[in-house]
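**Student:** Predicted coordinates and the sequence they were generated for:
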Amino acid sequence: MPSSVGYKEVGRVDGRGGIDAPPLIGRGVFDFAKGSDQRRKKSRTSEGGNRLRLRRALGRPPVVTETARWEAWGETISAWALVGLLFVGLMTACGSGNPAPSGGSGSGAADGSSGGPTATGTSQGAGTDAEKRGGRAGCKEASELIVSAAITLKDALTEYQPTFEQKECVRLRFNFGPSGEHMVQIAQGAPVDVFISAGAKQVDELEQKGLIDPATRVNVVKNTLVMVVRKGTPADGRLTFDRLKSSPKARLAIGEPNSHPAGMYAKEALEHLGVYAEMEREKRIVFAMGVRQVLAYVEAGEVDAGIVYKTDAAVSDRVDVSDTADPSWHRPIVFPGAVIKGSHHPDKARAFLRALTEGDGRAVLERFGFEPAS
């Protein structure tokens, strides 16, 4: 999220299930702690090996010591000092040239000093990247629309972003993450314009609290639940829904059911099959902080399989789909969206939801594997 809204991105704490959970991929959350000295403490783990393997599997850098940070900072200062000296020399050499014109629209549009709000920090897929791809071309004053959306929608929405920005003359700021956390953030006053959840429960609760405009609520897309295994797993060794009862040692990763819709759907499917209670009692279910973290566990070989949305399985080239859940095993998987009450740009917010359900955004979502909700 942009720093101008008064929140900062912080890391996630560890998950449950005996494995130290890495931070969710591509996700930031709002820190609502008041006071400049408050910080969230990093969790500790006694299973350093698991943490290191997962960080390597996710392509994450190792933890850097405080001494190394100061050494790197010193090198950075030296590098910038050298750049400063070179710049002074260049300006001295060019001092006899003609000065740049002080008026006009060219330089102002290029450096962002005019033409809409700016922010020192950006969230995934927003700001200058979209401008480079052609977003907001010709917009002198683009309003800023903040969208909190389920992480599953990340790839499709960032793909559609420049098209909508240019068409509506608006700047999109995305906050991708677990729907349960989005709900809490909005309830605590996060400056969000549009919320798109991976489940109805979160939007229902916000509606009961009077925090969304019920007239704008709409089901954006539908999805399918699948089981995934690590890529290359032999066919006869792949875990499937049918094989759960005959695999007493199999470990399965799902999203935490109380806060992550995908986990809730997975729990319902496992309960329908009559295996959830036993697997949980035997600690063979690893609860993750979202579908992308489930993928991380499967990719790293920490579990035998995971249950995620079909669209999330499609974004990983390190897993294979081993089975598909029958829709009758769980409640319908719909992604509802709504405009938040108090939005500074309700018209643009409604236009965004309309584009995803009726306009050109719908075609982008379908291309990424989502199903039309109506």
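**Tutor:** Cool, got the structure. Numbering: from 1, shown residues only.
**Student:** Show me the domain layout of this structure.
**Tutor:** 118-222+333-372, 224-332 (automatic domain parsing).
**Student:** okay, these in CSV with mean pLDDT next?
**Tutor:** CSV is the format used below for the domains of the chain (pLDDT from 0 to 100):
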stretch, mean pLDDT
domain 118-222+333-372, 89
domain 224-332, 97
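**Student:** And the helices in the protein?
**Tutor:** With DSSP state H as the criterion, the chain has helices at 48-57, 66-93, 106-111, 128-132, 154-168, 179-187, 200-208, 261-273, 276-281, 291-299, 310-314, 346-357, 360-367.
**Student:** Would you mind giving the domains of the chain as JSON lines with mean neighbour count added?
**Tutor:** For glycine as for every other residue, the C-beta is placed from the backbone atoms N, C-alpha and C. Formatted as JSON lines, the domains of the chain follow (neighbours: other C-beta atoms under 10 Å):
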{"stretch": "domain 118-222+333-372", "mean neighbour count": "20"}
{"stretch": "domain 224-332", "mean neighbour count": "20"}
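**Student:** Need phi/psi at Ala198.
**Tutor:** The phi/psi pair for Ala198 (degrees, to the nearest 10) reads phi -90, psi 0.
**Student:** Relative to Glu371, how far out is it?
**Tutor:** 14 Å (C-beta to C-beta, to the nearest Å).
**Student:** who touches both of the two?
**Tutor:** Asn223 (C-beta atoms under 8 Å, 6 or more residues apart in numbering).
**Student:** show me the contacts for Pro346.
**Tutor:** By C-beta under 8 Å, 6+ apart, the neighbours of Pro346 are 193, 213, 339.
**Student:** From the residues you listed, which land in strands?
**Tutor:** Val339 (DSSP state E).
**Student:** Looking at the contacts of Pro346, spot the one nearest Leu353.
**Tutor:** Val339 (7.0 Å; C-beta to C-beta).
**Student:** Quick check: that closest one touching Val218?
**Tutor:** No - checked against C-beta atoms under 8 Å, the pair Val339 and Val218 is beyond contact range at 9.8 Å.
**Student:** what touches both of these two?
**Tutor:** Contacts common to Val339 and Val218, judged by C-beta under 8 Å, 6+ apart, are Leu353.
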